[in-house]
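> After the sequence you'll find the predicted model.
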Amino acid sequence: MENTAVLSSFDKYTTFSFGGKTLTFRTCDGLEKYTRIILWHDGYIEVMAKYRQEDEEIEEYIDLTPVLEGLYMDKASFLAPIKEVRIEYV
């Protein structure tokens, strides 16, 4: 599990955790939860999400590059060791 990152959400925020670091960024007000990872590729995540106002899950796209750049983090060194992403809620 040392090469696995964790995606989650709370209130209006999404979190992405790996290597002792947690990125937190704003998301849509209506997001209830992420339900399934479809694709992980070098900072790009395709994920299924459940929204309060929708009956069906919706495919969403998360690009971590702008988040990492906004935090002045080195994209290559942070993302390179990540081989998979899992969803976790407490």
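Now that the structure is in, tell me what you want to look at.

> what is the closest residue to E60 other than its chain neighbours paired to in the beta sheet?
Distances taken as Cβ to Cβ, 6 or more residues apart in numbering place A49 nearest to E60, at 4.6 Å, with adjacent residues excluded. Quick note: C-beta positions are derived from backbone N, CA and C, even for glycine. Beta-bridge partners for A49, by DSSP bridges, are Y34, I58.

> wait, isn't A49 in contact with E56?
No. Contact criterion Cβ atoms under 8 Å: A49 and E56 do not qualify, at 10.5 Å.

> count of residues packed around the residue nearest to E60?
Using other Cβ atoms under 10 Å, A49 has 22 other residues around it.

> Can you pull the phi/psi pair for the residue located most distally from the centre of the chain?
The centre of the chain is farthest from one residue, D55, which by Cα atoms, centre = their mean lies 21.9 Å away. Dihedral pair for D55: phi -80, psi -40, per degrees, to the nearest 10.

> quick one: the strands in this structure?
4-10, 13-18, 21-26, 31-41, 44-51, 58-63, 84-87 (DSSP state E).

> what about those strands, which gets the closest to L71?
strand 21-26 (7.1 Å; Cβ to Cβ).

> The closest one to strand 4-10, inter-axis angle?
For strand 21-26 against strand 4-10, the angle by axes from the mean of the first three to the mean of the last three Cα atoms, to 10 degrees is 30 degrees.
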